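**Student:** okay, here's the prediction I keep looking at, along with the sequence it came from:
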Amino acid sequence: MPIKFKKPRVRIAPSPTGPLHIGTTRTALFNYLFAKKYGGKFILRIEDTDLERSDPKYEKDIIDGLKWLKFKWDEFYKQSERIENYTKYLKKLLDSGQAFYCYHSEKELETEKKEKLEKKEAPIHICEHYGKSKVKSQKLKVKGIIRFRPPNKKIIFNDLIRGKVEFDSSLLGDFSIAKDLKTPLYNFAVVIDDYDTKISHVIRGEDHISNTPKQILLYEALALPIPQFAHVPLILGPDKSKLSKRHGATSLSEYKEQGYLPETLINFMALLGWNPGNDRELFDLKELTKEFSLEKIQKSAAVFNIEKLDWFNGYYIRQMPIIKLTKACAPYLIKNGLIKPSFNNKLLLKILSLEQGRMKKLSEAGELTEFFLREPKYNPELLKWKNMTKKEIQETLNKLESILSEIKEKDFIAKNLEKILIIEAEKTGDRGKILWPLRVALTGRDKSPGPFEIAEILGKEKTIKRIRFAQAIL
């Protein structure tokens, strides 16, 4: 039986130090589905306390990406607007003696770390300034950071995906929690943020498991309620290493620019680490909300399969109303110089109706439709079907021009063209002798939709003009 949760409060908390990563987006999806399934709240928190690396353009990228996927958040927070809130909790830990100022220089800490690694010891820092007065320590004339001294104990928590997880606090050392009273570091800030916004469940990537014991100790030191944790598997590249730039695009905005649909990415990402328990693969956001559960998230890492992503995208493109597809493809065609902003919408509808079934990404629209919108260029050798001679190809093209010239403009439609030309092709004993040179003459390609449908869209005048061009280049 699935566990029932009382209206949970969950969050996605990206840092605006780079574009929204596909891994973070998948985590956002799992949080969103969990919140909506149980009638809870989905919260967006921008973790921008790293002022040197944070950039407003990345904050916009995060917000725009989540909006594009239609992940509607119920509350919004920015860490940088909550600095005073962190200060009071830092003072509380300092006053209790659980936190203290460490005045070791970066060089000293780096030397200590190197020595411990050489001795094959855990590279942790046990600070000699613990318990000393601030005045005495400040005589060192080094700007101090604030550290936390963990109690010596076992830290045990129940991960909703992985089960019982256990850590030994002696392996943590005196870990840093803030640069100063107004600059909290990650492990401290996240505890205060999650408490203040009443987060009930922290659903995040498994790379955060090592942070969890530190955060639990801080919750306990401040006598704050501890949320439930669920660590989802990482997304790996095809070579089973962590997904990175060497595997191709890693940000949501890159996939959007390449012409992947939001429906595609939602469906695809849901199946990266989550299994519905059957062979079903196609889900919309509403269906995923109904089917989703933490119990069905796997422990092992998920492998990113670009071929599967393309399959999903091709499927969703084929489901699009043609008017919507035309509108979505237009920017790519304008960018490629194939149409102007004031394009013939009726013509483009016809062209894309023919290519819709072959399209895997919206960005392929230019490549797939170019021969409709621009005169094709090709090697005359492509006109050759099997062992046809140059003379036979020329005779075929002459015959095609003659037959098509006799057809009235109003009758120049695929159904009529097919009826007439198939009869002629059957006479040769090999349809390819007629249909192949026709296809190449119209498109300049060896793969395309049917030549009759292409001829109808091009119209009588352009069709004959292209056949004459083929005759000329022979």
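**Tutor:** All right, it came through fine.
**Student:** what sits against the residue nearest to residue 428 when sequence neighbours are not counted?
**Tutor:** Spatially, and ignoring its direct neighbours in sequence, residue 428 is nearest to residue 434 (6.2 Å; Cβ to Cβ, 6 or more residues apart in numbering). For glycine as for every other residue, the C-beta is placed from the backbone atoms N, C-alpha and C. Neighbouring residues of residue 434 by Cβ atoms under 8 Å, 6 or more residues apart in numbering: 396, 399, 400, 421, 424, 425, 428.
**Student:** show the pLDDT at the third one.
**Tutor:** Pointing back at residue 400 there. We note a pLDDT of 97 for residue 400 in this prediction.
**Student:** neighbouring contacts of the strand or helix carrying it?
**Tutor:** For residue 400, the host element (DSSP states H and E) is helix 390-406. Helix 390-406 has contacts (Cβ under 8 Å, 6+ apart) with 383-385, 388, 412, 417, 420-421, 424, 433-434, 437-438, 441, 455, 460, 463-464, 467-468, 470-471, 474.
**Student:** my guess is residue 102 meets residue 129, correct?
**Tutor:** Yes - between residue 102 and residue 129 there is a contact under Cβ atoms under 8 Å: 5.3 Å.
**Student:** name the residues contacting each of those two.
**Tutor:** Common neighbours of residue 102 and residue 129 (Cβ under 8 Å, 6+ apart) are residue 144.
**Student:** count the neighbours of residue 370 for me.
**Tutor:** Under the neighbour criterion other Cβ atoms under 10 Å, residue 370 is assigned a count of 17.
**Student:** returning to what we had before: I'd like to know which of the contacts of helix 390-406 are buried.
**Tutor:** Among those, those classed as buried by 16 or more other Cβ atoms under 10 Å are 383-385, 388, 412, 417, 420-421, 424, 433-434, 437-438, 441, 455, 460, 463-464, 467, 470-471.
**Student:** out of the residues you listed, which sit inside helices?
**Tutor:** 417, 420-421, 424, 433-434, 437-438, 441, 455, 460, 463-464, 467, 470-471 (DSSP state H).
**Student:** quick one: secondary structure of residue 446?
**Tutor:** At residue 446 the chain is in coil, as set by DSSP: H, G, I helix; E, B strand; the rest coil.
**Student:** can you list the weak-confidence ranges in the stretch 51-200 of the chain?
**Tutor:** 133-142 (pLDDT under 70).
**Student:** quick one: the strands in it?
**Tutor:** 75-78, 99-102, 145-148, 154-159, 163-168, 175-180, 183-184 (DSSP state E, counting those that start in this stretch).
**Student:** so what strands line up beside the shortest one?
**Tutor:** On the basis of DSSP bridges, the sheet neighbours of strand 183-184 come out as strand 175-180 (antiparallel).
**Student:** residue 376: what's it in contact with?
**Tutor:** By Cβ under 8 Å, 6+ apart, residue 376 lies in contact with 370, 442, 443, 444, 445, 466.
**Student:** check contacts around the fifth one.
**Tutor:** Counting by Cβ under 8 Å, 6+ apart, residue 445 touches 371, 376, 378, 382, 439.
**Student:** swap in the first one?
**Tutor:** Residue 370 sits next to 336, 338, 376 when contact means Cβ under 8 Å, 6+ apart.
**Student:** give me that answer again for 6 Å
**Tutor:** By Cβ atoms under 6 Å, 6 or more residues apart in numbering, residue 370 lies in contact with nothing.
**Student:** from residue 382, how far off is it?
**Tutor:** Note on residue 370: its distance to residue 382, by Cβ to Cβ, to the nearest Å, is 16 Å.
**Student:** ok, the fifth one next?
**Tutor:** Applying Cβ to Cβ, the value for residue 445 to residue 382 is 8 Å.
**Student:** again, but for residue 318
**Tutor:** Distance from residue 318 to residue 382, by Cβ to Cβ: 29 Å.
**Student:** rewinding a little: from the ones in helices among the buried ones among the contacts of helix 390-406, which is closest to residue 115?
**Tutor:** Distance ranking of these against residue 115, using Cβ to Cβ, places residue 441 first at 76.0 Å.
**Student:** show me the contacts for the residue nearest to that closest one when sequence neighbours are not counted.
**Tutor:** Distances taken as Cβ to Cβ, 6+ apart place residue 470 nearest to residue 441, at 3.9 Å, with adjacent residues excluded. Going by Cβ under 6 Å, 6+ apart, residue 470 touches 383, 397, 441.
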